[in-house]
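Engineer: no sequence on hand, only this structure:
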């Protein structure tokens, strides 16, 4: 299943249910935001220091709002061309997990380095501006990373022209995103959150590897220390009961002869039982 080359890349005949749902959802949210005065971007965008307002839910919602037509177009093209091959391999349920986990971790990675920007106006008043992150780029990068993990030698067209191996393309993108993340003083570069792309791609690649090589995960689990579990105690051999002397046995038998079995104490009964077994 993981070794055959993917088919129907970019074909409408090959579109899958989860990809279709996500395409419709993203485009619908974009159109509603563009045509109606609802300001969905302001409500759903992931703002720097979102934890100050306990806006955990924005780690999910920011994926479905975009900064403009070109932004949503590029993300949906990536989802359309790469998504169906990955979904057919891992199934719709796992594909949704891949998409959401990559997007959420991508947003989390961006927010950990995004800092508010302090400004001072002409009157000397200070105010803070919070950068924000929007778009499905982290989730789509996760899908691309998963594709490279599942089909590393499959050929993709860079800029729809240059054929390139999937693993090479993902490696180039990862190096680029890492370089931009490290060497930029601004966590939001020209509207592109590079850290979200990088973390989302790594998350998707890692998740797909665990599905492709489950035995590796099981081996790692087996090597991890079992915290909180009591180690089984080694069984100790119980020492054999002491052997009864002839005098002790004769005393018990004499008591039985004089008073009967009912006169024996529990200890004497146990001693007699051991003597008869021997």
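Structural biologist: Everything's here; your move. These numbers come from a predicted model, not from an experiment.
Engineer: got the residue ranges for the helices in the stretch 51-200 of the chain?
Structural biologist: Read by DSSP state H, counting those that start in this stretch, the stretch 51-200 of the chain holds these helices, from start to end of the chain: 58-61, 69-90, 92-113, 137-150, 166-183, 194-212.
Engineer: any idea which of the ones you listed is most buried?
Structural biologist: For the helices of the stretch 51-200 of the chain, average neighbour numbers computed from mean count of other CB atoms under 10 Å are highest in helix 137-150, which has a mean of 28. The way it works is simple: take the backbone N, C-alpha and C, and place the C-beta from them, glycine included.
Engineer: show me what it packs onto, helices and strands only.
Structural biologist: In terms of contacts (3 or more CB pairs under 8 Å, 6 or more residues apart in numbering; DSSP states H and E), helix 137-150 is packed against helix 69-90, helix 92-113, helix 166-183, helix 194-212.
Engineer: now name the helix or strand holding residue 32.
Structural biologist: Here residue 32 sits within helix 17-35, counting by DSSP states H and E.
Engineer: name the surrounding residues that touch that helix.
Structural biologist: Taking CB atoms under 8 Å, 6 or more residues apart in numbering as the criterion, the residues outside helix 17-35 that touch it are 38-41, 64-66, 69, 72, 75-76, 79-80, 83-84, 87, 92, 95-96, 99, 136.
Engineer: of all the residues in the very next helix or strand once past that helix, which ones are buried?
Structural biologist: In the C-terminal direction, the helix or strand that comes right after helix 17-35 (DSSP H and E) is helix 40-44. Judged by neighbour count (16 or more other CB atoms under 10 Å), helix 40-44 contains these buried residues: 40, 41, 44.
Engineer: residue 147 is in contact with residue 212, correct?
Structural biologist: No: Residue 212 is not in contact with residue 147 according to CB atoms under 8 Å; the separation is 11.5 Å.
Engineer: not counting sequence-adjacent ones, nearest residue to residue 90?
Structural biologist: Leaving aside its chain neighbours, residue 90 sits nearest to residue 211 (5.7 Å; criterion: CB to CB, 6 or more residues apart in numbering).
Engineer: distance of that neighbour from residue 205?
Structural biologist: Between residue 211 and residue 205 the distance is 11 Å, computed by CB to CB, to the nearest Å.
Engineer: just residue 168 next, same as before
Structural biologist: Residue 168 sits 14 Å away from residue 205 when distances are taken as CB to CB.
Engineer: also residue 122?
Structural biologist: Distance of residue 122 to residue 205, computed by CB to CB: 49 Å.
Engineer: still on that earlier bit, the helix holding residue 32 to helix 137-150, inter-axis angle?
Structural biologist: Regarding helix 17-35 and helix 137-150, their directions subtend 160 degrees when assessed with axes from the mean of the first three to the mean of the last three CA atoms, to 10 degrees.
Engineer: now do helix 17-35, average pLDDT.
Structural biologist: The average pLDDT within helix 17-35 is 93.
Engineer: can you check stretch 209-219 too?
Structural biologist: If you average the pLDDT over stretch 209-219, you get 78.
Engineer: how about stretch 248-257?
Structural biologist: Summarised as a single mean, pLDDT over stretch 248-257 is 74.
Engineer: try stretch 268-277
Structural biologist: Stretch 268-277 comes out with an average pLDDT of 72.
Engineer: ok now that stretch, how far from the chain's centre?
Structural biologist: What separates the centre of stretch 268-277 from the centre of its chain is 64 Å, taken as CA atoms, centre = their mean, to the nearest Å.
Engineer: with stretch 18-31 instead?
Structural biologist: The chain centroid and the centroid of stretch 18-31 are separated by 23 Å, computed with CA atoms, centre = their mean.
Engineer: and that stretch, which residues are buried?
Structural biologist: Within stretch 18-31, the residues that qualify as buried by neighbour count (16+ other CB under 10 Å) are 18, 19, 22, 23, 26, 29, 30.
Engineer: quick one: the third one and residue 148, what's the gap?
Structural biologist: Spelled out, that is residue 22. Computed as CB to CB, the residue 22 to residue 148 distance reads 20 Å.
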